[in-house]
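**Student:** Predicted coordinates and the sequence they were generated for:
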Amino acid sequence: MNLIKRIIRELRKNSLPDFVRKTLFYYFGKGRLLWALNSADWARKKFLVKREFAKYKIGNRSGKDRIIVWVIPGTWISGGIAVVVRHANMLQERGYRVFLVTQDLKATIPWFTHQKVKVVPMSRISVLLEEGIDILIATGWNSAPTVDLLPAKRKLYFVQSDERKFYDDPVMKQFVGTTYDLPFEYLTMAHFLQAWLREEFDQSSTYVPNGLDVAVFHPVVVRQTKTDKVRVLIEGPINIPFKGVAEAYEAVAGLDCELWLVSSNGVPPSHWKYDQFFERTPIHEMPQIYSSCDILLKMSTVESFCYPPLEMMACGGVPVILEVSGIEEYARHEENCLIVQSQQEARQAVARLISDPALRARLGRGGLETAKKWSWERSVDALEQVILRADSQ
């Protein structure tokens, strides 16, 4: 049953040709030892890879000569993937040898602005294994078993969420939870996740804050000239229920405003009424959409940071955010946003902003000031300290 559920999830995320290619590689090809279906499968493969990977040397370089490999689940549009790609590119800009290995077997990330790091499909991981990997970094539960199975001098786990929350199946939740027991070096980008890892799994972790690319996210020329009506934006993958897009739509339905929608996964139902819809929008085009709108309504129930409200702030707009873990890193109620507890409160908050331009202006100024504080430089500084940690020991 676990296998059937995984196949269904994969078909939802991948085209049929991509699904077939991945199935052939991971189930019948050289990738069969590079993932785990469950804990028993993981233990069996861990025994087998000792012999399979014995021919590869383990990297033993220091400084900027070391090979650093981030394993990402795929190349689709995702805030978590964007953070990893940004980290990888900034490390490369500082002179490190960095690679992104993709579990979806693709070799490009076209939606990420100024992506320059070499992308290696998992089907070609042997190229890096032959050189010897110094630092191997898991970026989610599904890459953690892979990192555990592959040889490397140091293994890190960049935890961006308690990913058990993404699943209803108790067996799946348990399997995801086992990845947080791995004897890796842990990194995370939110203080609440640090506390959770420590309290539930006795794992110490290093705080590597997220950043915001202010060269990309800032007020720009609007996509469409604004009308007399306030323009509300709802952003999020429609097909992922916990992102709360349907709830956000219901909260503003019928209000006296223009409504724009952005979705990275899924299209609006035919009965929804809206003025503009954008699908799978590349990151570099989002500032134009944010700058064209006055209010962002975000009603996710599971997040670890929630980038869109901060991006909206950087573009001069005002977010209304359902309270969720992670936003406390930057969101301040009545200072740079409005934080709500329910769908009814969300509707009331949006209506209040529509009717009060002075409030929109004040919160907009607060948001712009907040965005200035989220430099990527401080983030990569913290990450570089982790990378160099072994050199000082």
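**Tutor:** That came in fine, so what should we check first?
**Student:** List the residues that contact Met90.
**Tutor:** Neighbouring residues of Met90 by CB atoms under 8 Å, 6 or more residues apart in numbering: Trp376, Ser379, Val380, Leu383. Every residue, glycine included, has its C-beta placed from N, CA and C.
**Student:** In a helix, it, correct?
**Tutor:** Yes - secondary structure of Met90, determined by DSSP: H, G, I helix; E, B strand; the rest coil: located in a helix.
**Student:** Specify the local secondary structure of Phe217.
**Tutor:** Taking three-state DSSP as the rule, one finds Phe217 in the coil state.
**Student:** do Thr206 as well
**Tutor:** Of the three states, Thr206 takes strand according to three-state DSSP.
**Student:** Give me the pLDDT value at it.
**Tutor:** The per-residue pLDDT reported for Thr206 equals 98.
**Student:** Can you verify my assumption that it contacts Ser379?
**Tutor:** No - shown here, Thr206 and Ser379 do not form a contact pair, counting by CB atoms under 8 Å, at 11.7 Å.
**Student:** Point out where the stretch 51-200 of the chain drops to low pLDDT.
**Tutor:** In the predicted model, the stretch 51-200 of the chain carries no residue with pLDDT under 70.
**Student:** wait, what's in contact with the residue most central in space within the chain?
**Tutor:** The residue at the geometric middle of the chain, judged as the C-alpha nearest the mean C-alpha position with CA atoms, centre = their mean, is Gly80 (1.1 Å). Contacts for Gly80 were tallied using CB under 8 Å, 6+ apart; they are Thr139, Gly140, Gln160, Ser161, Ser304.
**Student:** what about Glu279, distance to Ser204?
**Tutor:** Shown here: Glu279 relative to Ser204, a distance of 41 Å by CB to CB, to the nearest Å.
**Student:** Could you check which of these two has the larger neighbour count?
**Tutor:** Taking Glu279 and Ser204 together and counting by other CB atoms under 10 Å, Glu279 has the greater number of neighbours (14 against 10).
**Student:** what residues are up against that one?
**Tutor:** Val262, Ser263, Ser264, Val267 are the contacts of Glu279 under CB under 8 Å, 6+ apart.
**Student:** Which entries within those residues meet the buried criterion?
**Tutor:** With burial judged by 16 or more other CB atoms under 10 Å, the buried subset of the contacts of Glu279 is Val262, Ser263, Ser264.
**Student:** tell me the secondary structure for the most far-flung residue of the chain relative to its centre?
**Tutor:** The outermost residue of the chain, judged by C-alpha distance from the chain's mean C-alpha position using CA atoms, centre = their mean, is Asp228 at 35.3 Å. Under the three-state scheme (three-state DSSP), the conformation of Asp228 reads as coil.
**Student:** Quick check, pLDDT for it.
**Tutor:** Note on Asp228: pLDDT of 88.
**Student:** Give me the distance between it and Glu258.
**Tutor:** Between Asp228 and Glu258 the computed distance is 10 Å (CB to CB).
**Student:** swap in Gln103?
**Tutor:** Between Gln103 and Glu258 the computed distance is 39 Å (CB to CB).
**Student:** of these two, who's got more company?
**Tutor:** Summary of the neighbour comparison: Gln103 and Glu258, criterion other CB under 10 Å, with Gln103 having more neighbours (23 against 20).
**Student:** Please name the residues that touch the more buried one.
**Tutor:** Trp35, Val71, Ile72, Pro73, Gly74, Met122, Asn142, Ser143, Thr146.
**Student:** Please, which helix or strand holds the first one?
**Tutor:** Just to be clear, that refers to Trp35. For Trp35, there is no helix or strand it lies in under DSSP states H and E.
**Student:** neighbours of it, just the number please.
**Tutor:** When neighbours are counted by other CB under 10 Å, Trp35 registers 21.
**Student:** Check whether it really touches Pro145, as I assumed.
**Tutor:** Yes - the pair Trp35 and Pro145 qualifies as a contact (CB under 8 Å) at a distance of 6.3 Å.
**Student:** Ser375 touches Gly211, doesn't it?
**Tutor:** Yes - if you go by CB under 8 Å, Ser375 and Gly211 touch, sitting 5.9 Å apart.
**Student:** which residues of the protein fall in strands?
**Tutor:** In the chain, the segments counted as strands under DSSP state E are 67-72, 97-102, 118-121, 135-138, 154-159, 185-188, 205-207, 231-235, 258-263, 276-279, 295-298, 318-322, 338-340.
**Student:** Compile the ones you listed into CSV and extend it with columns for distance to Asp41.
**Tutor:** Output for the strands of the chain, formatted as CSV (distance: least, CB to CB, whole Å):
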stretch, distance to Asp41
strand 67-72, 18
strand 97-102, 21
strand 118-121, 22
strand 135-138, 17
strand 154-159, 20
strand 185-188, 24
strand 205-207, 27
strand 231-235, 37
strand 258-263, 34
strand 276-279, 36
strand 295-298, 37
strand 318-322, 37
strand 338-340, 42
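**Student:** Select, out of the ones you listed, the one closest to Asn89.
**Tutor:** Using CB to CB as the measure, strand 97-102 is the one of these that comes nearest Asn89, at 7.8 Å.
**Student:** now the angle from the closest one to strand 67-72?
**Tutor:** Computed with axes from the mean of the first three to the mean of the last three CA atoms, to 10 degrees, the direction of strand 97-102 lies at 20 degrees from that of strand 67-72.
**Student:** Strand 97-102 packs against which elements?
**Tutor:** The criterion is 3 or more CB pairs under 8 Å, 6 or more residues apart in numbering; DSSP states H and E, and the helices and strands that strand 97-102 contacts are strand 67-72, helix 79-93, strand 118-121.
**Student:** Let me know the closest of the contacts of Met90 to Val127.
**Tutor:** Leu383 (24.3 Å).
**Student:** Quick one: residues contacting the closest one.
**Tutor:** Under the criterion of CB under 8 Å, 6+ apart, the neighbours of Leu383 are His87, Met90, Leu91, Leu187, Val208.
**Student:** do you know how far Pro73 is from Gln103?
**Tutor:** Using CB to CB, one gets 5 Å for the distance from Pro73 to Gln103.
**Student:** Touching both of these two, which residues are there?
**Tutor:** Applying CB under 8 Å, 6+ apart, one finds that Pro73 and Gln103 are jointly contacted by Asn142, Ser143.
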